[in-house]
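Q: Need a 3D model of the sequence below.
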Amino acid sequence: MKKLIALLLAILMLLPMVVSCSKEDEDDDGGVASMEEDNGMQMSDKLKGVSFDGEDINVWQTTTATNGAEYFYDMNGSTEDGDFISLKLYERNAMVKDYLNVNLNFIDTGSESSNAANDIRPLLQAESDEFDAYQLVQWNGMPLVMEGWFRDLDDSKYLDFEGKWWAQDFMDTAKMNGHNYVMAGDVGIDMVSNTGAIFVNKNLLAENYGEDAYENLRTMVLEGKWTIDEAAKLSKDMYRDLNNDSTVDIEDRFGFLCSDAHVVGWYFGAGGTVIQRDSSGKAVLTMGDERSVNVMGRLYNLMHLDGASDYGNNAGTTQLYNSKHSPILVQKFADGEMLFSIGYFYTARNFTNMTDGFAPLPYPKYDVEQQEYYSYIHNIVTLYAIPHTNSAKYDQTGAAFELMASLGNQILRPFYYESVLKLRYIDDEGDTELVDLIYDSRMTDIGVVFDTTAYMIPRYMIMDKRSNLQWYLTRDKNTINKELKTINSVNF
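A: Numbering: from 1, shown residues only. Next up is the predicted model:
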């Protein structure tokens with residue numbers, strides 16, 4: 001079955017992307033985006049007929065993932081590496097270059113993703129004009145934004161953030177004092193690939209719970225009844241002492257193993273929040289309310305009390321609650337040694353050679369009374385910002401990113417979503433409905449976007465084996481209030 005799908009995918013990948021050539025196209029948010037009739041490219045009116053003088057647009061980027069379970073694409077794309085997403089990037093960039101008459105140069109600095117901000121900051125401090133824009137890894141890049149190194153993008157001549165190619169909800173969350181300082185959207189595939197998801201091994205499920213177990217589980221999910229309690233029930237009976245040493249350890253089989261980085265996915269999936277905007281648009285701490293206390297209490301029990309010695313969520317040691325172990329946990333699922341793998345859409349790229357069938361699920365709800373599923377966008381998502389030092393090519397840079405995003409919406413995102421996620425990664429046509437369900441449940445939180453102290457508390461609670469959320473909020477009160485003040489009252 002998978003070989004047939006791979007063959008169909010290869011054929012599909014070689015077909016040209018069909019883009020509507022109608023004059024207008026109503027976007028998802030009810031707005032109307034103009035169509036460029038000559039070549040069928042959908043774009044903002046602001047870009048129609050715009051052409052520059054062949055200027056170089058140099059963008060700082062990282063392509064090296066510090067965590068072996070993660071990945072970053074070279075945004076230049078390539079026609080030679082055999083990766084079709086890379087090919088689509090190359091084709092999209094070529095269209096931008098030709099239309100605007102600019103040279104796009106994504107410059108790989110060799111920086112690892114976890115050290116990106118530390119490598120960028122000296123360039124900003126030295127007022128270097130080497131780069132016209134910077135690719136930021138969200139979790140360490142947004143603190144740079146808070147330091148005031150980047151331009152307010154709302155005065156850009158060519159950026160049109162009303163376009164459906166921009167992740168408007170995400171960008172609203174990332175605003176400071178009501179203004180946009182970063183670009184997030186279909187410049188790449190990040191806003192899709194970094195969507196949180198849990199993968200289930202269909203074979204293990206059938207072996208332990210019967211041939212109909214997966215169909216029952218999928219029905220449960222689609223009916224909105226997939227909860228933390230259900231995940232715990234299925235996981236608890238999965239433990240096997242594979243190495244026969246009478247000790248719970250990493251070599252055994254589990255319901256799931258969860259790194260500290262994945263705890264926040266469970267937290268948001270169950271309806272927890274960290275920092276939200278009030279009715280006036282002000283960022284306020286919401287962690288500490290009844291809901292967040294209940295969610296963390298339930299997650300603490302799941303990770304440490306609900307039979308950890310039976311099915312080994314922490315394998316008897318807090319050492320496993322560290323993101324550096326993520327590649328190990330991914331491989332255990334690929335080897336058929338875990339029922340669930342906790343991750344993101346992009347994690348599925350590690351499972352394409354599995355002999356066992358697998359499918360994506362949303363993070364479970366707190367209980368059946370919860371109205372919606374929530375799948376948070378991973379904090380390694382890449383964002384783009386223009387430094388204050390870029391004055392000579394500010395308009396050209398804005399135009400280039402505007403067109404990259406709009407063409408990405410027509411070329412990159414549908415290709416990744418339909419041809420990669422739904423054809424290459426999924427072995428059952430019926431499971432594509434799950435992909436849509438997860439994608440439609442995407443969300444983020446101010447606490448995540450700005451990598452705040454409060455956002456880290458759920459991770460610390462599980463690592464430290466402390467069940468008292470209020471203890472952490474009291475301890476970190478001053479730091480949290482300082483961060484909120486910065487977000488709400490920037491004065492760059």
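Q: center of the chain, which residue is that?
A: The chain has Asn194 as the residue nearest its centroid, 2.3 Å off, counting by Cα atoms, centre = their mean.
Q: I'd assumed Tyr376 was in contact with that one.
A: No - contact between Asn194 and Tyr376 fails when scored by Cβ atoms under 8 Å: they sit 9.1 Å apart. (Glycine included, C-beta is placed from N, CA and C.)
Q: that older thread, from Thr486, how far out is the residue nearest to the centre of the chain?
A: Asn194 sits 25 Å away from Thr486, taking Cβ to Cβ, to the nearest Å as the criterion.
Q: just to revisit the earlier point, just give the closest residue to the residue nearest to the centre of the chain, not the sequence neighbours.
A: Nearest residue to Asn194, sequence neighbours excluded (Cβ to Cβ, 6 or more residues apart in numbering): His378, at 3.9 Å.
Q: show me the contacts for the one you found.
A: Contact partners of His378, counting by Cβ atoms under 8 Å, 6 or more residues apart in numbering, are 194-196, 344.
Q: May I see those organised as CSV, with pLDDT added?
A: Formatted as CSV, these follow (pLDDT from 0 to 100):
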residue, pLDDT
Asn194, 96
Thr195, 97
Gly196, 96
Tyr344, 95
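Q: out of those residues, which are buried?
A: Neighbour counting with 16 or more other Cβ atoms under 10 Å marks 194-196, 344 as buried within these.
Q: Which members of the residues you listed occur in strands, if any?
A: 196, 344 (DSSP state E).
Q: Name the nearest of the buried ones among the contacts of His378 relative to Asn478.
A: Minimum distance to Asn478 across these is 30.6 Å, recorded for Gly196 (Cβ to Cβ).
Q: hang on, isn't that closest one packed against Ser375?
A: Yes - the pair Gly196 / Ser375 is scored as a contact, 4.4 Å apart, by Cβ under 8 Å.
Q: Now do the helices in the stretch 351-492 of the chain.
A: 394-410, 412-414, 432-440, 446-449, 453-464, 469-475, 477-488 (DSSP state H, counting those that start in this stretch).
Q: Apologies, that question was intended for the stretch 151-300 of the chain.
A: Ranges of helices within the stretch 151-300 of the chain are 168-174, 190-193, 202-209, 213-222, 228-236, 260-269, 290-300, based on DSSP H, counting those that start in this stretch.
Q: Could you chop this protein up by domain?
A: Per the record, the chain has its domains at 2-193+379-410, 196-376+429-488, by automatic domain parsing.
Q: need the least confident one among these, by mean pLDDT.
A: The minimum mean pLDDT among those belongs to domain 2-193+379-410 (a mean of 86).
Q: quick one: Ile198 and Gly185, what's the gap?
A: Separation of Ile198 from Gly185 (Cβ to Cβ) stands at 26 Å.
Q: Just give the nearest non-adjacent residue to Gln470, would you?
A: Gly288 (6.6 Å).
Q: list the contacts for that neighbour?
A: 469-470, 473.
Q: Of these, which qualify as buried by neighbour count?
A: Applying 16+ other Cβ under 10 Å to those flags 469, 473 as buried.
Q: Mind putting the contacts of Gly288 into a markdown table with distance to Met303?
A: Shown next, in a markdown table, are these (distance: Cβ to Cβ, whole Å):
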| residue | distance to Met303 |
| --- | --- |
| Leu469 | 14 |
| Gln470 | 19 |
| Leu473 | 20 |
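Q: helices and strands around the one helix or strand Pro143 maps to, which ones?
A: When elements are assigned from DSSP states H and E, Pro143 belongs to helix 138-146. Counting contacts by 3 or more Cβ pairs under 8 Å, 6 or more residues apart in numbering; DSSP states H and E, helix 138-146 is packed against helix 116-125, strand 133-137, strand 382-385, helix 446-449.
Q: so which of those comes closest to Gly398?
A: strand 133-137 (9.2 Å).
Q: gap between that closest one and the chain center?
A: Strand 133-137 sits 16 Å away from the centroid of its parent chain (Cα atoms, centre = their mean, to the nearest Å).
Q: What pairs with that strand, parallel or antiparallel?
A: Applying DSSP bridges, strand 133-137 is found paired with strand 55-61 (parallel), strand 382-385 (antiparallel).
Q: which residues touch Phe340?
A: Shown in contact with Phe340 (Cβ under 8 Å, 6+ apart): 198-201, 231, 234-235, 255-256, 333, 361.
Q: Of these, which is the nearest to Leu124?
A: Using Cβ to Cβ, these come closest to Leu124 at Ile198, 38.1 Å.
Q: correct me, but Tyr376 touches Phe268?
A: Yes - with contact defined as Cβ under 8 Å, Tyr376 and Phe268 form a contacting pair (4.3 Å).
Q: shared neighbours, those two?
A: Counting by Cβ under 8 Å, 6+ apart, the contacts common to Tyr376 and Phe268 are 196, 363, 443, 445, 448.
Q: I'd guess His82 is in a strand, am I close?
A: If you look again at residue 82, you'll see it is Gly, not His. No - counting by DSSP: H, G, I helix; E, B strand; the rest coil, Gly82 falls outside a strand, being coil.
Q: burial count for it?
A: Residues near Gly82, counting by other Cβ atoms under 10 Å, number 8.
Q: what does Tyr239 give?
A: Quick note: Tyr239 (other Cβ under 10 Å) scores 20 neighbours.
Q: Pull up the gap between it and Glu211, please.
A: Tyr239 is 22 Å from Glu211, by Cβ to Cβ.
Q: Kindly report the same for Ser489.
A: 59 Å.
Q: how about the strands in the stretch 301-450 of the chain?
A: Assigned by DSSP state E, counting those that start in this stretch, the stretch 301-450 of the chain shows strands spanning 340-344, 358-361, 375-376, 382-385, 442-443.
Q: Which neighbours in the sheet does the first one have, and how are they oriented?
A: Based on DSSP bridges, the strands next to strand 340-344 in the sheet, each with its direction, are strand 196-201 (antiparallel).
Q: And the second one, by the same measure?
A: Each strand that strand 358-361 pairs with, and the sense of that pairing, follows from DSSP bridges: strand 196-201 (antiparallel).
Q: now swap in the last one and tell me
A: Each strand that strand 442-443 pairs with, and the sense of that pairing, follows from DSSP bridges: strand 375-376 (parallel).
Q: who touches the partner strand?
A: With contact meaning Cβ under 8 Å, 6+ apart, strand 375-376 is reached by 195-197, 264-265, 268-269, 362-363, 438-439, 441-445, 448.
Q: Pretty sure Asp152 sits against Asn177.
A: No - counting by Cβ under 8 Å, Asp152 stays clear of Asn177, with 9.3 Å between them.
Q: possible to save the strands of the stretch 301-450 of the chain as CSV with distance to Ile462?
A: Output for those, formatted as CSV (distance: least, Cβ to Cβ, whole Å):
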stretch, distance to Ile462
strand 340-344, 12
strand 358-361, 21
strand 375-376, 16
strand 382-385, 27
strand 442-443, 21
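Q: any idea how far Leu159 lies from Asn180?
A: 8 Å.
Q: so who does Asn294 touch?
A: Tyr366.
Q: residues of stretch 238-249 that come out buried?
A: 238-239, 248.
Q: so of those residues, which ones are in strands?
A: Among the buried residues of stretch 238-249, no member lies in strands (by DSSP E).
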